[in-house]
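Asker: Below is the structure, and that's it, no one-letter string:
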């Protein structure tokens with residue numbers, strides 16, 4: 001019976017089913033990235049501490065301890081409050097602020113002397129106007145039609161720039177007596193000058209002058225002042241016809257007989273003239289900013305003492321009594 005019981009005992013077989021690990025997700029990647037970032041920040045901090053001088057460290061510490069005091073007393077970083085014997089915290093005893101580290105390379109500082117720069121600009125502009133004067137003289141000399149007017153062209157350098165004066169002659173007047181109508185030969189001359197002035201960007205001043213003979217003809221109230229202004233404006237129109245732009249002309253003046261070319265003889269035909277001034281930068285500044293002369297009183301006084309500006313600002317002419325024929 002015992003043997004039969006053993007035969008009837010059930011046999012239990014346990015089967016263990018092995019499966020894969022459950023998914024852990026990506027949380028470990030975030031933790032690893034945080035660890036790497038912390039290590040990078042740590043090594044960066046160690047590098048900064050190793051490359052910072054004691055003066056900088058103390059300045060930073062002072063700033064975090066009392067920021068207001070550091071801001072008011074110029075303390076903290078860059079103040080040179082280090083344990084070094086040198087006030088600046090480095091090897092340069094001439095510096096009392098900041099730290100001079102070994103191998104420090106200072107960037108060169110360039111300073112500009114405005115007065116020297118302005119003087120160089122004036123020299124360059126004067127050379128340019130002188131070259132223009134030579135070019136104009138060459139143009140008149142090489143042109144067969146204009147060469148005959150060479151005696152009536154006066155070129156000189158003044159305080160305001162290059163002055164081109166076209167003076168009158170008895171045998172070859174620029175205008176009829178008492179008229180502002182340009183003569184044909186004068187028209188051709190002005191247009192040739194206008195084409196040459198295209199070479200430079202300088203502004204222009206046109207001045208009309210007459211002799212001292214009083215103007216007795218024409219409408220009431222029309223005098224040498226109006227006549228000189230009309231002649232200057234007529235000359236402006238001819239320059240524009242020669243290619244010059246309207247914007248180049250800055251002012252047109254009628255000066256009558258207030259600035260005679262020949263002060264010894266107010267009735268000299270040469271006093272009847274048209275002046276074209278190629279203005280330099282200083283002259284333009286004085287026009288747009290009338291107080292520009294105050295910035296350089298010494299230079300203006302020296303120029304006046306040398307007499308270089310006598311032709312631009314002459315002394316008051318003496319009163320001259322003359323008969324009353326029709327003026328020019």
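Answerer: Arrived safely, thanks for sending. None of the values given here were measured: they were computed from a predicted structure.

Asker: Where do the strands of the stretch 201-328 of the chain begin and end?
Answerer: 204-209, 249-254, 273-279 (DSSP state E, counting those that start in this stretch).

Asker: for the longest one, packing partners?
Answerer: Counting contacts by 3 or more Cβ pairs under 8 Å, 6 or more residues apart in numbering; DSSP states H and E, strand 273-279 is packed against strand 161-167, strand 204-209, helix 224-241. All C-beta spots, glycine's among them, are computed from the backbone N, C-alpha and C.

Asker: How about the last one, which residues are buried there?
Answerer: Neighbour-count burial for helix 224-241, with 16 or more other Cβ atoms under 10 Å as criterion, is recorded at 224-236, 238-240.

Asker: how many degrees apart are it and strand 161-167 in direction?
Answerer: If you take axes from the mean of the first three to the mean of the last three Cα atoms, to 10 degrees, helix 224-241 sits at 110 degrees to strand 161-167.

Asker: Please enumerate residues in contact with helix 224-241?
Answerer: 174-175, 178, 180-182, 186-187, 190-191, 193-194, 197, 204, 206-210, 214-215, 246, 249, 252-257, 274, 276, 327 (Cβ atoms under 8 Å, 6 or more residues apart in numbering).

Asker: cool, and the second one?
Answerer: Strand 204-209 is touched from outside by 160, 197, 227-233, 235-236, 239, 244, 248-257, 259-261, 271-279, 283, with contacts defined as Cβ under 8 Å, 6+ apart.

Asker: Next one, pLDDT for the nearest residue to residue 205 once chain neighbours are set aside please.
Answerer: Among residues not flanking residue 205 along the chain, residue 277 sits closest, at 4.2 Å (Cβ to Cβ, 6 or more residues apart in numbering). pLDDT for residue 277: 93.

Asker: ok, now residue 160?
Answerer: Looking at residue 160, the pLDDT reads 91.

Asker: Look up how far residue 275 lies from it.
Answerer: As judged by Cβ to Cβ, to the nearest Å, residue 160 and residue 275 stand 10 Å apart.

Asker: same thing with residue 116?
Answerer: Residue 116 is 32 Å from residue 275, by Cβ to Cβ.

Asker: which secondary element of this protein has the worst mean pLDDT?
Answerer: Of all helical and strand segments in the chain, the minimum by mean pLDDT, DSSP states H and E falls on helix 297-306, at a mean of 47.

Asker: What is the longest helix seen in the chain packed up against?
Answerer: Longest helix in the chain, counting residues (DSSP state H): helix 114-142. Helices and strands touching helix 114-142, by 3+ Cβ pairs under 8 Å, 6+ apart, are strand 153-158, strand 161-167, helix 184-196, helix 281-288.

Asker: And these: which comes nearest residue 52?
Answerer: For the helices and strands packed on helix 114-142, the distance to residue 52 is smallest for helix 281-288, at 52.2 Å, taking Cβ to Cβ.

Asker: what's in contact with that closest one?
Answerer: By Cβ under 8 Å, 6+ apart, helix 281-288 touches 121-122, 125, 159-161, 202-203, 205, 250-251, 277, 279, 292-293.

Asker: tell me the two of these that are most distant?
Answerer: 121 and 251 (22.9 Å).

Asker: just the buried members of the contacts of helix 281-288?
Answerer: Among the contacts of helix 281-288, the ones that count as buried (16+ other Cβ under 10 Å) are 125, 159-161, 202-203, 205, 250, 277, 279.

Asker: Tabulate the residues you listed (JSON lines), appending distance to residue 32.
Answerer: Shown next, in JSON lines, are the buried ones among the contacts of helix 281-288 (distance: Cβ to Cβ, whole Å):
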{"residue": "125", "distance to residue 32": "72"}
{"residue": "159", "distance to residue 32": "81"}
{"residue": "160", "distance to residue 32": "80"}
{"residue": "161", "distance to residue 32": "78"}
{"residue": "202", "distance to residue 32": "74"}
{"residue": "203", "distance to residue 32": "74"}
{"residue": "205", "distance to residue 32": "81"}
{"residue": "250", "distance to residue 32": "77"}
{"residue": "277", "distance to residue 32": "82"}
{"residue": "279", "distance to residue 32": "77"}
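
Asker: The closest residue to residue 210 other than its chain neighbours and residue 127: what is the separation?
Answerer: Leaving aside its chain neighbours, residue 210 sits nearest to residue 224 (4.4 Å; criterion: Cβ to Cβ, 6+ apart). For residue 224, the distance to residue 127 equals 37 Å [Cβ to Cβ].

Asker: So for residue 116 and residue 275, which sits in the more crowded spot?
Answerer: Taking neighbours as other Cβ atoms under 10 Å, residue 116 and residue 275 compare with residue 275 leading, 24 against 9.

Asker: give me the beta-bridge partners of the more buried one?
Answerer: Here residue 275 sits in beta bridges with residue 165, residue 207, as judged by DSSP bridges.

Asker: OK, contacts around it?
Answerer: 163-166, 205-207, 209.

Asker: Compare these and tell me which has the most neighbours.
Answerer: Going by other Cβ under 10 Å, residue 209 tops those with 27 neighbours.
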